[in-house]
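J.: predicted model and sequence follow; I will ask about them next.
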Amino acid sequence: MPKKFKIKVVLVGNPNTGKSTLFNALTGVRQHVGNWPGKTVEKKEGILEYKGRTIKIIDLPGTYSLTAYTEEEAITARFINGTKPNVVVQIIDAQNLERNLFMTVQLIESGAPLILAINMLDLTQKENIQIDTKKLSILLGIPVVPISAKQKKGIENLMQTIVGYFENPPTSFLKLKYGTKIESETKKRYDLVKNLSKEVLSSPTLQGDNTSDKIDKILLNKFLGIPIFLVITWLMFQATFKLSKPLINWIETLFALLAKESFLILDKIGALKWTQSLIVDGIIGGVGGVLVFIPIIGTLFLLIALLEDSGYMARIAYLMDNFMQKLGLHGKAFIPLIIGFGCNVPGIMATRTLATKRDRLLTILINPFISCGARLPVYALFAGAFFSSYQGLIVFSMYLLGIFIAILAGLIFKKILLKTTSSPFVIELPPYRYPALQGILLHAWGKIWLFIKKAGTIILAFSIIIWLMSSLPVGVDYGSNKSLAGKMGEIASPIFEPLGFGNWESSVALLFGLAGKEIIVSTFGTLYGVNIENTQSVSQALKDNFTPLSAYAFMVFVSLYVPCLPTIAIIKRELNSWKWAIFVIFYTTAVAWIMAFIVYQGGSLLGFN
Amino acid sequence: MKKLLLSQLKQGIRAEILKVDCGKNFTGRLCDLGLFEGTNVTIVKNDHFGPLILKILNSKIALGRGEAAKIYAKEI
């Protein structure tokens, strides 16, 4: 084939084999993540140059076999058989050789142009298990390349094998030697795999407990398991807030400086007052107020990636299964809820791992009540202003409220809407591994980038809209109740009167909070005409308009009402239905109103005012 | 050897699968993981409370009790 031809390589393998790490090692930043047409399954493609050749790599979803149990497996099977790639690279996890070989055998049977890449050999060596890769290659009749994706070893060798295979494809494929007994197809494959492993593994496959088993004896202990999990969660949140504080302060200072300098520069060049206001109040103020807590969301995502890549996330699903069953779900549905604490958007996307539509729907419906990172600035602002010595406790109570309502909603939905039983629970508990730093960073970066895009587009657009509505009609005092924003707020405010915050600024803030709940903070700043970096003055302005009780009711409302527009958009996409997205808008707002009502009226009756 | 349900088997023993009575889809999924008639598994954890943990083809898999109660196996 002439050198200018692109070699099409497809990457397949079981989940938890380090396939993503290999893909990233091969393609670096030259990758593109999209969706398979018409599906919610991710499609990752990348390009790399090697010895003058262009190689296109397509990363197929992690699958256990070519039989289509899940949407991802259907796509994998269809793609390999339909598109006829030049080379199929199956990445195999040395620590789970036998089960991985199960799929190898299926691939060979299907006639795929296969190369095996064995990953994590260093880890098996630590457990004193040797794998004879050369023998495996001879027995299977295909090239076998040892690699360590994490340490980027063997990549060169792999590339060479791929190109070599492409330039000199084998003319015949070895026929696998199955036994002669009359058995089912799968049993034949099973026996073949068992025999293969006997030939290539240095020690008998049945050993005592390996390291992961020993760790699981503690982490999955009947009595210690859940307490340990709660401690780990608590540590995660502590780490998030403590680690991000210095970064947040740094960003706040940066934006305050930016605002000041821009103001001066615009003054100097004689810019119009409204341009000045647009840039300083509208854009810098609005966007800055949001970017200020990227550190929190980023740290949370990093820690979640750490949980996933180390293998502990699967254990969490195991520990939470009993509890989730009571909600009519199973352990795996807990994971999207955990991710929801960072941001509801990736949390809802994570429901793709659930096998049935019913499970996905139920998990998505309760997800918005989980307090995402965007609500934290609102909690922090109000708790700081009204409950200074108890602020930690107040903020914590907000998180608990979200969890409590999510559980309640789950129970109700289970009874009313979805009468069918939950799908069966099965999950692989991969061996514990030290996550690759680069892997976690890339993993988390993907989600952080999604968030920044949200900030960049929707929030910027809304910041400008807020600014516009606060500045018009022309000549009005910025953010006064005579501006468009103010008029809108005054129309809406009676709805919130019974909740204790019937002032027009609150209505406007809540409305603009639809773009992202963090905007509620910057909106208050804008409307009270104060510099939002100067939290003292915002707190003072709030104290003039709220009482501690109405502040708490406000927080309750913010915590529970409509999730931000990006979340609604993702709900629509994942469930493929506007009906459910609109339902979520109405039912979450109704719940929020009722809860805030109970808090305010109940609290007033008890004399908390 | 007595024919028992997977969910009844004691921790630590090795068992041969006799029959899998889960729904068609799920039976297929278990097949992909190496659990089907004629194969062997080890019961790693069964505290009669949460899901079972099995070693199938030397990989650790957690399986819900409800499903484990639909699988017949015998100790070997």
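T.: Right, received. Where do you want to start?

J.: what sits against residue 50?
T.: No chain in the question, so chain A it is. Contact criterion C-beta atoms under 8 Å, 6 or more residues apart in numbering or on different chains gives A:Met159, A:Val163 as the residues in contact with A:Tyr50. From N, CA and C alone the C-beta is placed, and that goes for glycine too.

J.: chain B, not that one
T.: Contacts for B:Gly50 (C-beta under 8 Å, 6+ apart) come out as A:Lys222, A:Tyr318, A:Leu319, A:Asp321, A:Asn322, B:Arg65.

J.: of those residues, closest to A:Ile364?
T.: Closest to A:Ile364 out of the contacts of B:Gly50 is A:Asp321 (19.2 Å), distances taken as C-beta to C-beta.

J.: find the nearest non-adjacent residue to that closest one, please.
T.: Of all residues beyond its chain neighbours, the one nearest A:Asp321 is A:Gly331 (3.3 Å), with distances taken as C-beta to C-beta, 6 or more residues apart in numbering or on different chains.

J.: hang on, isn't A:Ile405 packed against A:Phe369?
T.: Yes. Counting by C-beta atoms under 8 Å, a contact exists between A:Ile405 and A:Phe369, whose distance comes to 4.6 Å.

J.: so between these two, which is more surrounded?
T.: Taking A:Ile405 and A:Phe369 together and counting by other C-beta atoms under 10 Å in any protein chain shown, A:Phe369 has the greater number of neighbours (26 against 21).

J.: where does the prediction get shaky in chain B?
T.: Chain B contains residues with pLDDT under 70 at B:1-2.

J.: where do the helices of it begin and end?
T.: Listed in chain order, the helices of chain B (DSSP state H) span B:24-33, B:65-68.

J.: could you pull out the buried residues of the first one?
T.: In other words, helix B:24-33. B:Phe26, B:Thr27, B:Gly28, B:Arg29, B:Leu30, B:Cys31, B:Asp32, B:Leu33 (16 or more other C-beta atoms under 10 Å in any protein chain shown).

J.: quick check, the first one in contact with A:Pro424.
T.: Yes. In this structure, B:Phe26 sits in contact with A:Pro424. The criterion is C-beta under 8 Å, and the distance is 4.9 Å.

J.: I figured A:Lys487 hits A:Val476, correct?
T.: No. Taking C-beta under 8 Å as the definition, A:Lys487 is not a contact partner of A:Val476, at 9.9 Å.

J.: and residue 68, how many neighbours?
T.: No chain specified, so I'll use chain A. Here the neighbour count serves as a burial measure; for A:Ala68 (other C-beta under 10 Å) it reads 16.

J.: that was the other one, I meant chain B.
T.: Using other C-beta under 10 Å, B:Ala68 has 23 other residues around it.

J.: if I look at it, how far off is B:Leu57?
T.: Summarising the geometry, the distance separating B:Ala68 from B:Leu57, computed by C-beta to C-beta, to the nearest Å, is 17 Å.

J.: over to A:Leu441?
T.: 33 Å.

J.: which one of the two has more residues nearby?
T.: Set side by side, A:Leu441 and B:Leu57 show more neighbours around B:Leu57, with 23 against 14, by other C-beta under 10 Å.

J.: residues contacting the more buried one?
T.: Under the contact definition (C-beta under 8 Å, 6+ apart), the residues listed for B:Leu57 are A:Asn96, A:Glu98, A:Arg99, A:Phe102, A:Tyr190, A:Val193, B:Leu33, B:Gly34, B:Thr39.

J.: equivalent analysis for B:Asn46, please.
T.: With C-beta under 8 Å, 6+ apart as the criterion, the residues that contact B:Asn46 are B:Ser7, B:Leu9, B:Lys10, B:Gln11, B:Leu52, B:Ile53.

J.: rerun at 7 Å
T.: Taking C-beta atoms under 7 Å, 6 or more residues apart in numbering or on different chains, we find B:Asn46 in contact with B:Leu9, B:Lys10, B:Gln11, B:Leu52.

J.: is the third one in contact with B:His48, as I believe?
T.: Same thing as B:Gln11. No. In this structure, B:Gln11 is not within contact of B:His48 by C-beta atoms under 7 Å, at 9.8 Å.

J.: tell me which of the two has more neighbours.
T.: Neighbours per residue (other C-beta under 10 Å) separate B:Gln11 from B:His48, with B:Gln11 holding more: 13 against 10.

J.: phi, psi of the residue lying closest to the more buried one once chain neighbours are set aside?
T.: Distances taken as C-beta to C-beta, 6+ apart put B:Asn46 closest to B:Gln11, at 5.1 Å, once the chain neighbours are dropped. With angles defined as degrees, to the nearest 10, B:Asn46 shows backbone torsions of phi -150, psi 90.

J.: how far away is B:Asn46 from A:Asp267?
T.: From B:Asn46 to A:Asp267 the distance is 75 Å (C-beta to C-beta).

J.: all helices of the stretch 101-250 of chain A, in order?
T.: A:121-126, A:133-140, A:155-167, A:185-200, A:211-219, A:225-268 (DSSP state H, counting those that start in this stretch).

J.: so which of these gets nearest chain B?
T.: helix A:185-200 (5.2 Å; C-beta to the nearest C-beta).

J.: measure B:Ile71 to A:His330 for me?
T.: When distance is defined by C-beta to C-beta, B:Ile71 is 17 Å away from A:His330.

J.: now do the same contact list for A:Gly342.
T.: Taking C-beta under 7 Å, 6+ apart, one finds A:Ile297, A:Leu300, A:Phe301, A:Ile304, A:Cys372, A:Gly373 in contact with A:Gly342.

J.: contacts only, for A:Ile129.
T.: Applying C-beta under 7 Å, 6+ apart as the definition, the contact partners of A:Ile129 turn out to be A:Leu201, A:Ser202, A:Ser203.
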